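*Asks:* sequence unknown, structure follows:
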Ligand SMILES: [Fe+2]
Ligand SMILES: [Fe+2]
């Protein structure tokens, strides 16, 4: 706890800044952190599970889709798999920054994921399953961003970036629907 003392002109709370120089075990989390850290970590772990399931679904689609004419679609599946992996990495990194534990437990992955896995055999069903999953991801990120509001700008900024890419993914899948 510190005594709040604002500089008359800048509006900067110098006591809070000095307090931030202490408690080194908290890493990037300072006393001024406005969000409920446990709640944010739980949200991020839900998103992490979702991204990991999306990686698995797109990878499966990439490896099992057949047909010479489907080369460009397969390439799109692979690219999305790689981008979902990058999102998973960003989320895990942020959880650790917030002193949380990223949950990679495969046993509970599908229950914790917002989006679903899919093992369809034909390419149009795959595209449709991906479009559904992307729309689910977009809505879940939208809700997370709304919930976070201004309480954790770094997490919010990261989620806005991820959501923008999910919107591109949804658009890509819709373009591929026959
Ligand atoms: Fe993603
Ligand atoms: Fe996506």
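*Replies:* Arrived safely. Computed from a predicted model, the values in this text were never measured in an experiment. Numbers count the residues shown, from 1 in each chain. Ligands and ions are numbered 1, 2, ... in the order given.
*Asks:* next, name the residue at the spatial heart of the protein.
*Replies:* Closest to where the C-alpha atoms of the chain average out (C-alpha atoms, centre = their mean) is residue 47, at 4.7 Å.
*Asks:* lowest-confidence helix or strand of the protein?
*Replies:* Least confident helix or strand of the chain, by mean pLDDT, DSSP states H and E, is helix 14-20 with a mean of 86.
*Asks:* what about the residue nearest to residue 137 when sequence neighbours are not counted, how many neighbours?
*Replies:* Distances taken as C-beta to C-beta, 6 or more residues apart in numbering put residue 166 closest to residue 137, at 4.6 Å, once the chain neighbours are dropped. Where you see a C-beta, it was placed from the backbone N, CA and C, and this is true even at glycine. Residue 166 has 27 neighbours, counted by other C-beta atoms under 10 Å.
*Asks:* in terms of contact, does residue 156 touch residue 148 like I think?
*Replies:* Yes - the criterion here is C-beta atoms under 8 Å, and residue 156 meets it with residue 148 at 4.8 Å.
*Asks:* give me every residue that touches the residue of the chain found nearest ligand 1.
*Replies:* Closest residue of the chain to ligand 1, C-beta to the ion: residue 87 (3.7 Å). Counting by C-beta atoms under 8 Å, 6 or more residues apart in numbering, residue 87 touches 47, 51, 162, 165.
*Asks:* tell me how far the last one lies from residue 126.
*Replies:* Using C-beta to C-beta, to the nearest Å, one gets 19 Å for the distance from residue 165 to residue 126.
*Asks:* just the third one next, same as before
*Replies:* According to C-beta to C-beta, residue 162 stands 22 Å off from residue 126.
*Asks:* the more surrounded of those two?
*Replies:* Using other C-beta under 10 Å as the criterion, residue 162 and residue 126 rank with residue 126 on top: 26 against 23.
*Asks:* spatially nearest residue to that one, not counting backbone neighbours?
*Replies:* Distance criterion C-beta to C-beta, 6+ apart; nearest residue to residue 126, sequence neighbours excluded, is residue 61 at 4.5 Å.
*Asks:* and the pLDDT for the one you found?
*Replies:* Looking at residue 61, its pLDDT is 98.
*Asks:* what parts of this protein come near ligand 2?
*Replies:* The chain has residues 134, 166, 169 near ligand 2, with proximity defined as C-beta under 5 Å from the ion.
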